[in-house]
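K.L.:
give the three-dimensional model of this entry:
(2 chains)
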Amino acid sequence: MSFAPVLHSEWLKIRTLRSLPGTLLALFAATTAFSAIAGVSETSDPEFDPLFMALSGVMPGQIAAISFGATAVSSEFHGGALRLSLAAVPRRGRWFAAKATAIALPVLAVGPVTALAALVAARAGLGDAANGLTPGEQVRGVVGCGIYLTLMALLAAGLTALLRSGVGALSVLIPFVLVVSFVVGDTVGGATDFLPDRAGQVVLYETYDGSLGPWSGLAVTALWTAAVLLAGAWSLRHRDA
Amino acid sequence: MTSIEVRNLTKEYGTRRAVDDLTFDVLPGRVTGFLGPNGAGKSTTMRLVLGLDRPTSGSATLGGHAYATLREPLRHVGALLDAHAAHGSRTARDHLRTLAASNRVPQRRADEVLEETGLAAVARRRVRTYSLGMRQRLGIAAALLGDPGVVMLDEPSNGLDPEGIIWIRQLLRRLAGEGRAVLVSSHLMNETASFADHLVVLGRGRLLADTPMREFIHARVRPRVRIRTTDPAALTSALARGGHDAVEHEAGHWTVEHARVDDIGRLVSAAGVPVLELSSEEATLEQAYLDLTSTETEFTAQPQEA
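P.N.:
Numbering: from 1, shown residues only, chains lettered A, B, ... in the order given. Presented below is the predicted three-dimensional model:
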């Protein structure tokens, strides 16, 4: 059994559930809207970072990416859907790889478009305050943002497979992303830089002074995501469906 | 591959044995009824055949191949395990098309099986608007999608209306007539009796019987003749001469146990007894099944060749 038909099937599953394309639309709308609001807000903060300010809509927007990944997998854990899927594709590792690919590709497409729209919207408000941004920094922010959102969606997908529950995965990830990182924040120092969300968000800043740079930060997030995806795949392979 | 081979199949969940050393075959060209009380291990056996659960020991294969090794398995085996497997927010047609895509089954098959299961008119409605009977039909449509040689249906008549029950009976007969191996679980005896050729009966995970249905019934329920007459005295004396006991019922008819209608008919007509009605009372699968399960503890199963 080859990979392409399985991927086709998983892609159809995402496309034919109205809530999933809707979640991607929400990702675009929320990120752009919050960035636009940030663009017209007070910018007198001495630690003001124009790139992060422009892309700050990603902070609430990533909730949509996380929901997308979690929902796409959790739809398999209702009423015997997983059994039907695995009866059609008994190679479970291949099935999960196709599922993850079908989740990653649309986020990878929507993510940079969203980041670009957010940047444009925010710059309209920021005006001169953002003039110091080089084209290179802006491209890095937009591309990095797309990768970051994709990794967060996949992290949610892997966690959902591991916990066999979308609600479970969301109730771990959303408080984690919204609260834990901020609360623990600067108190612990260096270690928090390596949390999956904090590490990947370095790419959203014009200037960074932590132990991680934009790409090494994304690499750390990618390692987290890979570990959770593998754990999810392992659980899927070794448990009765 | 058009048969299922189950060999010494055992599945334990913790300390509970859901399936206990099962050995039987499901052969092509006939409908095998899979009987047993709830919790007897029927659904577990089906999941083991599909490689969804892993056996503790033993094996279940399809034409000698483990399910997980089949390329494009939907083309070989179609199964209905759970009518709620389809996502409520998808349309029936989309649901079938996603399944078809994974096994490179042509997309037109989705429309064909929707037609076949009587869902064509509601194919573009979301599954959450379906009744249980419609979901069952959709599950059966999914099982038929790849035109498989082996069809396994778990309680397919659940929730079907009387028309649906007649439909499924004809469908199962037709599938077997086309040379497919058909395994259908049920706990409805009369329903199973209407379509099965062969029976596999489970009790607490163990095999209690693996025999053709007619044999199963005749071995366990003795034949009985029902007779009505205007002259009870002549009837009883004629039967007594033939060595039969007649029992009178309140409704006015008599029954003769352990007798065949051929013998009783000759006997009473030779004696000139006026007969209003003479018929054999068909033993039912239900009687045979209850007889089997009541003696379950002392019954040791011997798998029989068909």
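
K.L.:
any idea how far chain B is from A:Ala30?
P.N.:
Distance from A:Ala30 to chain B, counting by CB to the nearest CB, to the nearest Å: 22 Å. (C-beta placed from N, C-alpha, C; glycine too.)

K.L.:
quick check, the residue in the stretch 101-250 of chain B closest to chain A?
P.N.:
Closest contact between the stretch 101-250 of chain B and chain A, by CB to the nearest CB, is at B:Ser102 (3.5 Å).

K.L.:
and the spatially closest residue to that residue that is not a sequence neighbour, what does it touch?
P.N.:
Distances taken as CB to CB, 6 or more residues apart in numbering or on different chains put A:Ser9 closest to B:Ser102, at 3.5 Å, once the chain neighbours are dropped. Contact analysis of A:Ser9 by CB atoms under 8 Å, 6 or more residues apart in numbering or on different chains lists A:Ala88, A:Val89, A:Ala98, B:Thr98, B:Leu99, B:Ala101, B:Ser102.

K.L.:
hang on, the first one packs against B:His76?
P.N.:
No. Taking CB atoms under 8 Å as the contact criterion, A:Ala88 and B:His76 are not neighbours in contact, 11.6 Å apart.

K.L.:
neighbour count for those two, which is higher?
P.N.:
Neighbour count, other CB atoms under 10 Å in any protein chain shown: between A:Ala88 and B:His76, A:Ala88 has more, with 26 against 20.

K.L.:
A:Val120 and B:Arg174, how far apart?
P.N.:
Taking CB to CB, to the nearest Å as the measure, A:Val120 and B:Arg174 are separated by 62 Å.

K.L.:
those two: who's more crowded?
P.N.:
Neighbour count, other CB under 10 Å: between A:Val120 and B:Arg174, A:Val120 has more, with 15 against 11.

K.L.:
for A:Asn131, see how far away that one is.
P.N.:
According to CB to CB, A:Val120 stands 15 Å off from A:Asn131.

K.L.:
same question, B:His65
P.N.:
Using CB to CB, one gets 68 Å for the distance from B:His65 to A:Asn131.

K.L.:
just give me the closest of the contacts of A:Ser9 to B:Val275.
P.N.:
Comparing the contacts of A:Ser9 against B:Val275 with CB to CB places B:Leu99 closest, at 59.3 Å.

K.L.:
quick check, the closest one in a helix?
P.N.:
Yes. Remark: B:Leu99 belongs to a helix, assigned using DSSP: H, G, I helix; E, B strand; the rest coil.

K.L.:
neighbours around it, how many?
P.N.:
Neighbourhood size, B:Leu99 [other CB under 10 Å]: 27.

K.L.:
now the helices: where do they sit in the chain?
P.N.:
With no chain named, the answer covers chain A. In chain A, the helices defined using DSSP state H lie at A:3-15, A:19-39, A:50-55, A:58-74, A:81-88, A:92-126, A:135-163, A:166-175, A:181-188, A:196-201, A:214-238.

K.L.:
that was the other one, I meant chain B.
P.N.:
Listed from the start of the chain, chain B has helices (DSSP H) covering B:42-49, B:92-102, B:108-116, B:132-144, B:162-177, B:189-193, B:213-220, B:232-241, B:261-270, B:285-294.

K.L.:
quick check, distance from the longest one to the centre of its chain.
P.N.:
In this case it means helix B:162-177. Relative to the mean C-alpha coordinate of its chain, helix B:162-177 is positioned 11 Å out (CA atoms, centre = their mean, to the nearest Å).

K.L.:
give the buried residues for that helix.
P.N.:
Across helix B:162-177, burial judged by 16 or more other CB atoms under 10 Å in any protein chain shown covers B:Gly164, B:Ile165, B:Trp167, B:Ile168, B:Leu171, B:Leu172, B:Arg173, B:Leu175, B:Ala176.

K.L.:
and for the second one?
P.N.:
In terms of neighbour count (16+ other CB under 10 Å), helix B:92-102 has its buried residues at B:Ala92, B:Arg93, B:Asp94, B:His95, B:Leu96, B:Arg97, B:Thr98, B:Leu99, B:Ala100, B:Ala101, B:Ser102.

K.L.:
make JSON lines out of those residues and add distance to B:Ser185 and pLDDT.
P.N.:
Compiled in JSON lines, the buried residues of helix B:92-102 are given as follows (distance: CB to CB, whole Å; pLDDT from 0 to 100):
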{"residue": "B:Ala92", "distance to B:Ser185": "23", "pLDDT": "97"}
{"residue": "B:Arg93", "distance to B:Ser185": "28", "pLDDT": "97"}
{"residue": "B:Asp94", "distance to B:Ser185": "28", "pLDDT": "97"}
{"residue": "B:His95", "distance to B:Ser185": "23", "pLDDT": "97"}
{"residue": "B:Leu96", "distance to B:Ser185": "23", "pLDDT": "98"}
{"residue": "B:Arg97", "distance to B:Ser185": "28", "pLDDT": "97"}
{"residue": "B:Thr98", "distance to B:Ser185": "26", "pLDDT": "97"}
{"residue": "B:Leu99", "distance to B:Ser185": "21", "pLDDT": "97"}
{"residue": "B:Ala100", "distance to B:Ser185": "25", "pLDDT": "97"}
{"residue": "B:Ala101", "distance to B:Ser185": "29", "pLDDT": "97"}
{"residue": "B:Ser102", "distance to B:Ser185": "25", "pLDDT": "97"}
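
K.L.:
which bits of chain A sit near chain B?
P.N.:
Residues of chain A found near chain B (CB under 8 Å from any CB of the partner chain) are A:1, A:5-6, A:8-10, A:12-13, A:16-19, A:75, A:78-81, A:83-91, A:240-241.

K.L.:
go with 7 Å
P.N.:
Residues of chain A lying close to chain B (CB under 7 Å from any CB of the partner chain) are A:1, A:5-6, A:8-9, A:12-13, A:16-19, A:75, A:79-81, A:83-84, A:86-90, A:240-241.

K.L.:
take these and, keeping just the buried ones, write it as a ChimeraX select command.
P.N.:
Selecting only the buried entries of the residues of chain A next to chain B in ChimeraX, with 16+ other CB under 10 Å as the criterion:
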select /A:1,5,6,8,9,12,13,16,17,75,80,81,83,84,86,87,88,89,90,241
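
K.L.:
pLDDT below threshold where in chain B?
P.N.:
Within chain B, the stretches with pLDDT under 70 are B:1, B:295-306.

K.L.:
let me see the domain layout of it.
P.N.:
Chain B breaks down by automatic domain parsing into domains covering B:4-215, B:222-281.

K.L.:
of the ones you listed, flag the one that's most buried.
P.N.:
domain B:4-215 (a mean of 20; mean count of other CB atoms under 10 Å in any protein chain shown).

K.L.:
quick check: end-to-end length of that one?
P.N.:
Start and end residues of domain B:4-215 are separated by 22 Å (CA to CA, to the nearest Å).

K.L.:
check stretch B:195-212 too.
P.N.:
So stretch B:195-212: terminal residues 12 Å apart, CA to CA.

K.L.:
how much space separates the spatially most central residue of chain B from A:Ser165?
P.N.:
The residue lying closest to the centre of chain B (CA atoms, centre = their mean) is B:Gly33, at 2.6 Å. Using CB to CB, B:Gly33 is found at 37 Å from A:Ser165.

K.L.:
what of B:Ala143?
P.N.:
Taking CB to CB as the measure, B:Ala143 falls 28 Å from A:Ser165.

K.L.:
before we move on, what about A:His8?
P.N.:
Using CB to CB, A:His8 is found at 27 Å from A:Ser165.

K.L.:
what do you get for A:Val202?
P.N.:
To A:Ser165, A:Val202 is 31 Å away according to CB to CB.

K.L.:
these two: which is more packed in?
P.N.:
The neighbour comparison of A:Val202 against A:Ser165 (other CB under 10 Å) goes to A:Val202, with 24 against 17.

K.L.:
how about that one: what's its closest non-neighbour residue?
P.N.:
Closest to A:Val202 by CB to CB, 6+ apart is A:Gly217, at 3.5 Å.

K.L.:
thanks a lot, catch you later.
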